[in-house]
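**Student:** sequence unknown, structure follows:
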């Protein structure tokens with residue numbers, strides 16, 4: 001019976017052999033097995049192939065937005081820079097600069113640069129974002145970019161700023177202040193910034209120099225002088241001699257009328273130019289101030305020139321005016337000093 005049962009088990013379907021595992025039915029089992037593995041793999045590869053560009057675009061987009069945010073002060077600054085600069089009407093623009101800038105460059109020079117850019121390129125329009133190069137180091141950010149103006153495109157502009165609690169707020173970066181900027185002229189020429197100089201923009205510089213000249217120590221006045229004059233008064237002895245000469249004039253005038261400060265008034269200010277048939281060239285600014293004394297007043301005349309856009313006094317003259325109540329117009333003025341170095345205009 002067991003044998004018969006075994007035959008019946010093996011019969012009807014043929015003898016049990018290896019074909020039972022390698023035939024069509026076995027192949028279908030293998031296909032189903034590999035399909036069960038490859039189907040999720042194919043789906044994963046498909047998803048990855050789509051995710052890679054999506055993630056890459058998201059990263060690029062995030063980086064572009066971050067770069068735009070980091071460079072946003074440049075657009076804000078250029079907008080204000082080209083909106084027009086004149087004394088008394090550019091408080092916002094001047095507020096964008098760090099105080100260290102004004103130790104190197106006068107406000108009047110910055111105004112002349114603004115006028116020059118507007119005359120050459122017009123007002124600011126936009127920044128070419130693909131050209132942005134941003135470098136951040138600590139609290140300092142520097143940017144180079146191609147900028148579009150109304151009358152010129154792809155102008156290379158550079159700027160740097162620092163985060164500062166008293167700075168301008170804008171661009172999502174908190175408060176910041178400009179520490180330097182540069183607008184490159186086109187290849188067909190250079191910027192003649194000095195041709196846009198206005199004498200009234202440098203009155204404050206002249207007032208500071210005159211006040212410093214009457215100080216107990218003339219060191220500050222010497223620091224505002226042209227190089228050749230600085231060399232003349234570079235020692236304590238020579239500066240003491242200058243203070244002594246100024247004291248002689250003060251003595252002849254009975255001292256300052258206001259002992260707490262120098263009471264002065266600008267009498268004249270004008271731009272000095274020279275030129276020929278090919279054009280004119282700005283040589284500097286000449287100024288004259290009246291300083292009130294107790295017995296008689298004093299006159300201070302000076303000439304300012306620009307060395308790498310920095311203001312320096314190349315010539316000054318201090319004299320005592322005739323007594324105001326004298327009948328014959330008084331005696332000759334008492335001249336203290338009148339020095340002039342080799343003039344260099346850049």
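**Tutor:** The structure has been received and is ready for your questions. Predicted model, so just to flag it, every value in this text is computed and none were measured. Numbering: from 1, shown residues only.
**Student:** Name all residues that make contact with the nearest residue to residue 258 once chain neighbours are set aside.
**Tutor:** Among residues not flanking residue 258 along the chain, residue 292 sits closest, at 7.0 Å (Cβ to Cβ, 6 or more residues apart in numbering). (Glycine included, C-beta is placed from N, CA and C.) Residue 292 is in contact with 256, 257, 258, 263, 264, 265, counting by Cβ atoms under 8 Å, 6 or more residues apart in numbering.
**Student:** of those, closest to residue 296?
**Tutor:** Nearest to residue 296, judged by Cβ to Cβ, of these is residue 257 at 10.2 Å.
**Student:** Could you report the distance from that closest one to residue 124?
**Tutor:** Distance from residue 257 to residue 124, counting by Cβ to Cβ, to the nearest Å: 48 Å.
**Student:** quick one: which helix or strand includes residue 93?
**Tutor:** Per DSSP states H and E, residue 93 falls inside helix 91-95.
**Student:** Around residue 150, how many other residues sit close by?
**Tutor:** Number of residues near residue 150 (other Cβ atoms under 10 Å) recorded here: 12.
**Student:** returning to that earlier point: out of the contacts of residue 292, which two are the most distant from each other?
**Tutor:** 256 and 265 (13.5 Å).
**Student:** Looking at the two, which is more packed in?
**Tutor:** Neighbour tally, residue 256 and residue 265, criterion other Cβ under 10 Å: the higher count belongs to residue 256, 18 against 11.
**Student:** Please name every helix or strand in contact with the helix holding residue 93.
**Tutor:** For helix 91-95, the packing partners by 3 or more Cβ pairs under 8 Å, 6 or more residues apart in numbering; DSSP states H and E come out as helix 24-81, helix 107-121.
**Student:** try it again with 10 Å
**Tutor:** Packed against helix 91-95 by the contact rule (3 or more Cβ pairs under 10 Å, 6 or more residues apart in numbering; DSSP states H and E) you find helix 24-81, helix 107-121, strand 155-169, strand 175-183.
**Student:** dump the residue contacts of residue 100.
**Tutor:** Residues counted as contacts of residue 100 (Cβ atoms under 10 Å, 6 or more residues apart in numbering) are 162, 177, 179, 180.
**Student:** doesn't it fall inside a helix?
**Tutor:** Yes - assigned with DSSP: H, G, I helix; E, B strand; the rest coil, residue 100 falls within a helix.
**Student:** And the pLDDT at it?
**Tutor:** Residue 100 carries a pLDDT value of 88.
**Student:** Show me where the protein dips below the pLDDT cut-off.
**Tutor:** Applying pLDDT under 70 to the chain flags the ranges 1-68, 85-89, 165-174, 186-189, 275-279, 323-346.
**Student:** What residue spans form the domains of this structure?
**Tutor:** Recorded structural domains for the chain (assignment: automatic domain parsing) are 63-190, 197-340.
**Student:** Residue 194 touches residue 274, doesn't it?
**Tutor:** No - with contact defined as Cβ atoms under 10 Å, residue 194 does not count as touching residue 274 (11.8 Å).
**Student:** what is in contact with those two at once?
**Tutor:** Residues touching both residue 194 and residue 274 (Cβ under 10 Å, 6+ apart): 281, 282, 283, 284, 345.
**Student:** Now the second one. Nearest residue, chain neighbours left out?
**Tutor:** Nearest residue to residue 282 in three dimensions, chain neighbours excluded: residue 194, at 3.9 Å (Cβ to Cβ, 6+ apart).
**Student:** Look at residue 91 and say how many residues are nearby.
**Tutor:** Neighbour tally, residue 91, other Cβ under 10 Å: 7.
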